[in-house]
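Asks: Structure of the sequence below:
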Amino acid sequence: MPRSILTVLTILLATCRPAAEGEAVGATRPADLVLRHGAVYTVDAARTWASAVAVRQGRIVYVGTDSLPTGLVGPGTEVVDLASRMLLPGFQDAHVHPVEGGVDLDLCDLSDAATVAAVSTVVRHWAAAHPAAPWVRGGGWQLPLFPDANPSRDLLDRLVPDRPAMLWAADGHSAWVNSEALKRAGISRSTVDPPNGRIERAARGEPSGTLRESAAALVGKVLPEITDAETAAGLARADSLAARVGITTMFSARTDESHLRALVAADRAGTLSARVVAALEVPGAGGDTLLARLNDWRTRYATPHVHPTAAKLFQDGVIESRTAALLAPYLGRGGDAGTPVRDQSTLDRLVTELDRAGFQIHVHAIGDRAIRMALDAIGRARAANGPRDARHALAHLELIDSADIPRFRALGVVANFEPLWANGDEYLTKLAEPFLGAARSRWLYPIASVMRSGAVVSGGSDWSVSSLNPLDAIEVGVTHRDPGDTVHPPWHPAERVDLPTMIALYTINAAWANHLDRETGSIEVGKLADLIVLDRNLFELTPDRIHTARVVRTLLEGRTVFQDSSQDSSANRPGPSASPHP
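Replies: Below is the predicted model:
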């Protein structure tokens with residue numbers, strides 16, 4: 001990790017000083033939980049290792065060796081023998097869509113379909129299994145499966161001939177629809193592309209069946225709304241999955257009021273197993289009405305584990321469908337460089353208003369032009385409002401102009417990457433690099449370069465776009481190959497980072513990005529006991545095996561929210577017979 005980041009984290013963590021050897025807080029009183037004989041990687045500023053941790057009333061009260069202080073183990077203490085397993089801070093996903101992803105799991109899920117034939121089979125079977133569904137809806141299809149990432153309505157008409165169908169691409173920026181859906185939305189040859197959207201066309205200008213960006217909203221307007229019950233069920237599914245992969249904090253990257261209602265209800269019922277920082281979706285150009293609504297939500301939907309303190313803006317689309325905003329045109333596209341969602345003056349005004357209102361701003365920015373515009377807007381907001389500990393973030397950051405890399409640190413902007421995408425797959429090799437050229441492609445996902453600049457870098461999944469499991473992303477960040485791949489050469493190897501850095505992206509760095517670093521993100525005395533037990537030590541695995549590690553137990557504030565008994569052979573035994581010494 002660059003020295004500048006270590007210095008920043010050392011200062012930030014000063015209020016949560018790590019325990020010295022054998023040190024405990026209130027050691028004479030028994031702990032609720034003791035985990036010992038483990039490989040405890042604390043992720044504190046010094047990257048300290050320990051072997052035992054104790055928890056009382058949801059907080060860490062001891063970090064040190066297995067020579068526990070007298071009195072720490074009592075009659076009611078649960079003592080867990082980690083048997084050399086790894087203990088880490090709970091993972092934090094700094095960009096994820098938990099409610100939408102959870103809802104999608106109950107729809108027509110195409111995320112595992114690796115061929116057009118497989119896509120067809122899944123759609124046909126789902127439609128047959130749900131004859132009463134008024135629409136066939138879902139998503140997860142992969143853009144590289146279809147020529148020009150453009151599936152046709154003719155194929156979907158054959159698969160779903162009896163009702164409308166709308167299936168989102170895996171990246172969430174394109175939708176595939178059949179003729180009945182186009183008819184109900186009133187989309188025809190004469191329909192003009194909406195702002196920030198594109199209706200793909202076939203012969204004579206007829207809609208081909210693929211809708212990009214805001215064009216998908218034309219069909220979205222006639223879709224049946226997701227009910228509150230479906231939203232709550234989706235959240236429950238996502239929450240359970242997150243706990244299974246060790247995620248204890250999620251940054252919900254686009255949150256509407258129905259999502260907030262579900263989150264608050266789950267927290268009040270005691271069923272929410274993760275802390276959620278919610279970014280409230282910001283449409284349009286802002287204004288007093290929007291700010292009033294966001295301020296109302298920020299207050300009304302705040303609970304101990306739900307923090308609606310951020311605001312989410314889109315500034316462009318994605319490179320794969322040529323909707324990302326670039327500084328220079330795409331190759332072979334007749335001068336098209338993509339169009340930003342907002343012009344610079346509108347973006348500047350909106351960012352300044354949100355910053356003045358105290359929101360943490362989170363911007364979807366994939367192309368180098370969108371990234372530069374967002375950095376410019378944040379810089380102008382700082383100049384207008386004065387500096388503060390805002391921790392604004394730009395998300396995805398697929399193509400950064402090298403001149404803009406130092407600006408993240410200079411402006412205090414968090415660089416949020418989804419490292420799983422830096423794997424050299426067909427999204428990059430077929431749909432990005434050929435349309436950018438070699439010189440620009442060098443700056444695709446430049447995680448290591450941004451780290452070396454001294455900026456704070458956080459890790460996210462963008463689930464359900466890609467795997468929710470942080471271990472998959474951690475491996476790819478180290479290898480720049482698909483998880484488990486030992487055959488293909490690493491993609492852009494100069495931008496790989498090491499294992500300690502990748503763990504930090506999903507623990508202390510993400511906690512800092514989430515304004516939670518004083519309470520979470522590392523295993524230190526005084527912090528909340530958000531902890532995960534892995535079945536093996538990541539540092540003892542070859543890089544291509546990192547993804548094979550499994551979470552055995554997940555704790556949120558000392559409460560077990562997931563435990564895999566089939567893999568957990570540790571000896572759990574209560575005191576007082578448990579010896580305080582090894």
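Asks: Okay, now the unreliable bits of the stretch 401-550 of the chain?
Replies: Residues of the stretch 401-550 of the chain meeting the criterion pLDDT under 70: none.
Asks: Tell me which stretches of it form strands.
Replies: 414-417, 457-459, 531-534 (DSSP state E, counting those that start in this stretch).
Asks: Show me the one of the ones you listed that comes nearest Val245.
Replies: With Cβ to Cβ as the measure, strand 531-534 is the member of these nearest Val245 (8.9 Å). Just so you know, the C-beta spots here come from the backbone N, C-alpha and C atoms, and that holds for glycine as well.
Asks: after that closest one, next one along is what?
Replies: Using DSSP states H and E, the helix or strand that directly follows strand 531-534 along the chain is strand 551-556.
Asks: okay if I get the strands of the stretch 401-550 of the chain as a markdown table plus mean neighbour count and distance to Arg388?
Replies: Output for those, formatted as a markdown table (neighbours: other Cβ atoms under 10 Å; distance: least, Cβ to Cβ, whole Å):
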| stretch | mean neighbour count | distance to Arg388 |
| --- | --- | --- |
| strand 414-417 | 26 | 14 |
| strand 457-459 | 28 | 19 |
| strand 531-534 | 24 | 32 |
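Asks: tell me the secondary structure for Lys183?
Replies: Of the three states, Lys183 takes helix according to DSSP: H, G, I helix; E, B strand; the rest coil.
Asks: The helix or strand Arg137 falls within - contacts with which helices or strands?
Replies: For Arg137, the host element (DSSP H and E) is strand 136-141. Judged by 3 or more Cβ pairs under 8 Å, 6 or more residues apart in numbering; DSSP states H and E, the packing partners of strand 136-141 are helix 98-104, strand 108-109, helix 116-129, strand 165-169.
Asks: Show me what the very next helix or strand once past it is in contact with.
Replies: For strand 136-141, the following helix or strand on the C-terminal side (DSSP H and E) is helix 153-159. With contact meaning Cβ atoms under 8 Å, 6 or more residues apart in numbering, helix 153-159 is reached by 116, 120, 123-124, 127, 165, 167, 176-180, 182, 207-209.
Asks: And these, which of them are buried?
Replies: 123, 127, 165, 167, 176-180, 182, 207-209 (16 or more other Cβ atoms under 10 Å).
Asks: I'd like to know how far Ala253 sits from Asp485.
Replies: Ala253 is 28 Å from Asp485, where distance means Cβ to Cβ, to the nearest Å.
Asks: Those two - which one has more neighbours?
Replies: Ala253 (28 against 16; other Cβ atoms under 10 Å).
Asks: need the contact list for the residue nearest to Tyr427 when sequence neighbours are not counted.
Replies: Spatial nearest neighbour of Tyr427, excluding adjacent residues (Cβ to Cβ, 6 or more residues apart in numbering): Glu320 at 5.6 Å. For Glu320, the contact set (Cβ under 8 Å, 6+ apart) comprises Leu143, Ala149, Asp171, His173, Tyr427, Leu431, Ala432.
Asks: Nearest to Leu354, out of those: which one, please.
Replies: When these are compared for distance to Leu354 (Cβ to Cβ), His173 wins out at 23.2 Å.
Asks: Angles on the backbone of that closest one, please.
Replies: Main-chain torsions, His173, degrees, to the nearest 10: phi -120, psi 0.
Asks: okay but it is in contact with Val318, surely?
Replies: Yes - when contacts are counted by Cβ atoms under 8 Å, His173 is listed as touching Val318 (4.7 Å).
Asks: what about these two, which has more around it?
Replies: Per other Cβ under 10 Å, whichever of His173 and Val318 has more neighbours is Val318, with 27 against 24.
Asks: if I look at the more buried one, how far off is Phe91?
Replies: In this structure, Val318 and Phe91 are 25 Å apart, going by Cβ to Cβ.
Asks: Check Asp239 too.
Replies: 14 Å.
Asks: in the stretch 1-150 of the chain, which spans are strands?
Replies: All strands of the stretch 1-150 of the chain, identified by DSSP E, counting those that start in this stretch, fall at 33-36, 39-41, 49-50, 52-56, 59-64, 78-81, 86-89, 91-96, 108-109, 136-141.
Asks: Run through who's touching the third one.
Replies: Counting contacts by Cβ under 8 Å, 6+ apart, the residues outside strand 49-50 that touch it are Ala39, Val40, Tyr41, Thr42, Val63, Gly64, Thr65, Ile523.
Asks: cool, the last one as well?
Replies: Residues outside strand 136-141 that contact it (Cβ under 8 Å, 6+ apart): 104, 107-113, 119, 123, 126-127, 130, 151, 160, 163-170, 172, 175-176, 223, 464.
Asks: just the buried members of these?
Replies: Among the contacts of strand 136-141, the ones that count as buried by 16+ other Cβ under 10 Å are 104, 107-111, 113, 119, 123, 126-127, 151, 160, 164-170, 172, 175-176, 223, 464.
Asks: Tell me which of the strands of the stretch 1-150 of the chain is the most buried.
Replies: Mean neighbour count (mean count of other Cβ atoms under 10 Å) peaks for strand 91-96 among the strands of the stretch 1-150 of the chain, with a mean of 30.
Asks: coming back round to it: which one of the buried ones among the contacts of helix 153-159 is nearest to Phe562?
Replies: Set against Phe562, the nearest of the buried ones among the contacts of helix 153-159 by Cβ to Cβ is Leu167 (31.0 Å).
Asks: Could I get the contacting residues of the closest one?
Replies: 108, 110, 123, 136-141, 156, 175-177.
Asks: excluding its backbone neighbours, what's nearest it?
Replies: Among residues not flanking Leu167 along the chain, Trp176 sits closest, at 4.7 Å (Cβ to Cβ, 6+ apart).
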